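**Q** The following comprises the amino acid sequence and a computationally predicted model.
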Amino acid sequence: MDMHSFLNSCFLLVLLCLLNISTINSAKPLKQETVLFGGKFPALYVIGDSLVDSGNNNYLATKVKSNFTPYGSDFEGGKATGRFSNGKTIADYIAIYYGLPLVPAYMGLSEEEKNNITTGINYASASCGILPDTGKLMGKCLSLSVQVDLFKETIANNLKKNFKKSELRKHLAESLFMTAIGVNDYAFFFNMTTDANEFANKLLHDYLIQIERLHKLGARKFFINNIKPLGCYPNMVAKTVPRGSCNDPLNLAISIFNTKLRKSLSHMTQKFIKTSFLYSDYFNYMLGLRGPSSNQVGSSLLNVTSPCCPDVYDGGLITSCSPGSIACKAPDTHIFFDPFHPTQLANYMYAIACFHERSICHVLKN
């Protein structure tokens, strides 16, 4: 990094420090119609993949884990929790914004703890996706439908012990349901011979079935993240020509799904009364961190192409952050902590873009 880039990075870090996490807690909604931003939620229920997994894979027979250092180096106490980052995830920052505790992983809870928790549970599972077979080559994980099954069990076995029928209905209707899933379906099953439109339609069909299941179970407020631009992630850009540029065909295929998802959610606001959808354009948020152009390498104030862990990365399939890996000394100079997941700083910047700038998160209307 040259001196100019270094100074720019320092400036950005100072700016973010001045913004402080407390500003997320104290921020006021800019517009009344952004009801989800202005709402006060009793609980946050999280469904997704490694972007928001808070430790479920710790308890599963899978190769995809992050319960070891250097993961968690900037988390509270410097402890690896099973989050795929050096610190907090975007789900953590959503909880912080709404004044809720960080949401615990379902698989790590005892039955007594499940009975006593009413502020939300995290069901997300790294390597899994919308399709039931996604990620299974890496071992066991919790697919989207399984996560909804577990939430259904939470209602039947745990929440009903804390709430009367009418109170439970109110609790579920007022809680926030966050989803962030789908990229692993592309990582495992999409290739350049796949029809992008047909693949998107298949994923969307299966995805919306689970959204409708959540609605039938009582969910009324949804925080939906679209799929990230996998084609710009370190594991991809290490293999592109020129090296460091995005895999545009892959990103285009994902954008087709994202466009269909947003349109479908807008239609669902007509289908379901008293139901709100907040759509988070995570795809364009991550592209924006690269700079004015998604293929403009080095235009950002941060390292946009190489992960922090391992600190030497050649793009090999098995070259990832593992026990014994050496991480970079300054994760805040990177967008990515490992080849597949963002740093805490990138997740914090997401929270600013979502809650303060309102450039990423929008409440959909019919």
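**A** Arrived safely, thanks for sending.
**Q** got a pLDDT number for His341?
**A** On pLDDT, His341 comes in at 97.
**Q** now swap in Phe6 and tell me
**A** 42.
**Q** repeat for Leu172
**A** pLDDT, Leu172: 98.
**Q** Can you give me the pLDDT of the residue lying closest to it once chain neighbours are set aside?
**A** Leaving out its chain neighbours, the residue that sits closest to Leu172 by C-beta to C-beta, 6 or more residues apart in numbering is Gly218, at 3.2 Å. From N, CA and C alone the C-beta is placed, and that goes for glycine too. At Gly218, the pLDDT value in this model is 98.
**Q** Could you give the number of residues near Gly218?
**A** 18 (other C-beta atoms under 10 Å).
**Q** what's the helix or strand where Leu203 lies packed up against?
**A** Using DSSP states H and E, Leu203 maps to helix 196-217. Judged by 3 or more C-beta pairs under 8 Å, 6 or more residues apart in numbering; DSSP states H and E, the packing partners of helix 196-217 are helix 144-157, helix 248-271.
**Q** tell me the angle the last one makes with helix 196-217.
**A** Using axes from the mean of the first three to the mean of the last three C-alpha atoms, to 10 degrees, one finds that helix 248-271 and helix 196-217 are set 30 degrees apart in direction.
**Q** Tell me which helix or strand comes right after helix 248-271.
**A** strand 276-280.
**Q** Next: the first one.
**A** Heading C-terminal from helix 144-157, the first helix or strand you meet, by DSSP H and E, is helix 165-174.
**Q** so what secondary structure elements neighbour that following helix?
**A** Using 3+ C-beta pairs under 8 Å, 6+ apart, no helix or strand is in contact with helix 165-174.
**Q** In terms of helices and strands, where is the residue nearest the centre of the chain?
**A** In the chain, the centroid-proximal residue (C-alpha atoms, centre = their mean) is Leu51; its distance is 3.8 Å. Using DSSP H and E, Leu51 sits in no helix or strand.
**Q** just the one 3 residues further on next, same as before
**A** Ser54 belongs to no helix or strand when assigned by DSSP H and E.
**Q** Tell me, how many residues neighbour it?
**A** 27.
**Q** just Leu142 next, same as before
**A** If we define neighbours as other C-beta under 10 Å, then Leu142 has 27 of them.
**Q** now swap in Ile352 and tell me
**A** 18.
**Q** Sounds good, over and out.
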